[in-house]
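# No letters, just coordinates:
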């Protein structure tokens, strides 16, 4: 009997070791409202890459603020190999001739490409643009757009509460529905409504397969940074990538994707302004946005319209400063000599107004970015 008991104990321990030493597949948290994938049999692996995107806003601890920065997550987006199979994803945007000795920054839509190695899944409307908007509202970022004096800035605590990135439905959380989306959507947080506007697996129409180098420089510009002259490597290719951002954004279907996303965001903000109980008592430590008495619909939508126009103008201003750096680089005789400069860079060198004419976003029929606004 003792021998049988020992054998039973041995096999029980051995079996438990087999079970506990099985590899554990990590589970990924699913954001509220994201589409669920088709159920797969137990034991199969998810081979499809999951690319994530997020943005932040806020002062952060150590800068006179007690709250850490707020992280806002977007839905996952596909890797280039998966994006290439989606009909709603525009593809393939690259420089007209990759090995063009003229380094022409004009971009075009290619019918086919030999490889996806040169392409990124590109968010036409950059997620960080929204982080910069929220920073501007609470005076935490680097945006140069003047804040209208008829408004009083909210603080970070209030912005986090009304964005409600966790999509909570507690006593002091505000959720609302957008009638145009139908009753099946149900009340959701402001961030839930906004994040759906940006390209992702839930919104393939906001994504494009575009040249990696241009996409990287686009992220620099829309992140509020200055594209510096690289210290080594192929400077001429880098110049083309920076200028290519504006040629790319000037393509009709690309600009339409940008404006469609902006309209979606503006619409969500307008609906928030209409339904939010502006006279509610806020929790201690929360400073709500102070609105002017008129117009009656004044709120986040109006501020977004002011900011997005000013932000694009600010990026254009950055491009003008960048052109000055390029001209200085040429004058100092760096890289190729002026006599052998690519044609478009010679035009830059010979024209003081190049950036004023070429490195601009579309403005529609007016002086402001009227195509961009609802």
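Sure thing, it's come through. Just so it is clear, the model here is predicted, and its values are computed rather than measured.
# sec struct for the nearest residue to residue 361 once chain neighbours are set aside, please.
Nearest residue to residue 361, sequence neighbours excluded (C-beta to C-beta, 6 or more residues apart in numbering): residue 312, at 5.0 Å. Bear in mind the C-beta positions are built from the backbone N, C-alpha and C, glycine included. Three-state call for residue 312 (DSSP: H, G, I helix; E, B strand; the rest coil): helix.
# wait, isn't residue 312 in contact with residue 360?
No - shown here, residue 312 and residue 360 do not form a contact pair, counting by C-beta atoms under 8 Å, at 9.1 Å.
# Tell me which of those two has more neighbours.
Taking other C-beta atoms under 10 Å, residue 312 and residue 360 do not tie; residue 312 has more neighbours (23 against 17).
# if I look at residue 226, how far off is residue 316?
As judged by C-beta to C-beta, to the nearest Å, residue 226 and residue 316 stand 13 Å apart.
# more neighbours, those two?
Comparing residue 226 with residue 316 by other C-beta under 10 Å, the one with more neighbours is residue 316, at 16 against 11.
# which parts of the strand or helix carrying residue 306 are buried?
Taking DSSP states H and E as the criterion, residue 306 maps to helix 300-331. Using 16 or more other C-beta atoms under 10 Å as the test for burial, helix 300-331 gives 300-316, 318-319, 322-323, 326-327, 330.
# Check for me that residue 229 belongs to a strand.
No - assignment of residue 229 by three-state DSSP gives coil, placing it outside any strand.
# if we can go back for a sec, tell me the confidence at the residue nearest to residue 361?
Looking at residue 312, its pLDDT stands at 96.
# cool, and residue 354?
Note on residue 354: pLDDT of 75.
# ok so, going back, so how far is residue 245 from the residue nearest to residue 361?
Residue 312 sits 12 Å away from residue 245 when distances are taken as C-beta to C-beta.
# what about the nearest residue to residue 163 once chain neighbours are set aside, which helix or strand?
Nearest non-adjacent residue to residue 163, counting by C-beta to C-beta, 6+ apart: residue 191, 4.3 Å away. For residue 191, the enclosing helix or strand under DSSP H and E is helix 190-195.
# What is the subsequent helix or strand relative to that helix?
That would be, after helix 190-195 and using DSSP H and E, strand 207-211.
# could you say what helices and strands that next one packs with?
Contacts defined by 3 or more C-beta pairs under 8 Å, 6 or more residues apart in numbering; DSSP states H and E place strand 207-211 against helix 80-83, strand 90-95, strand 119-123, helix 235-249.
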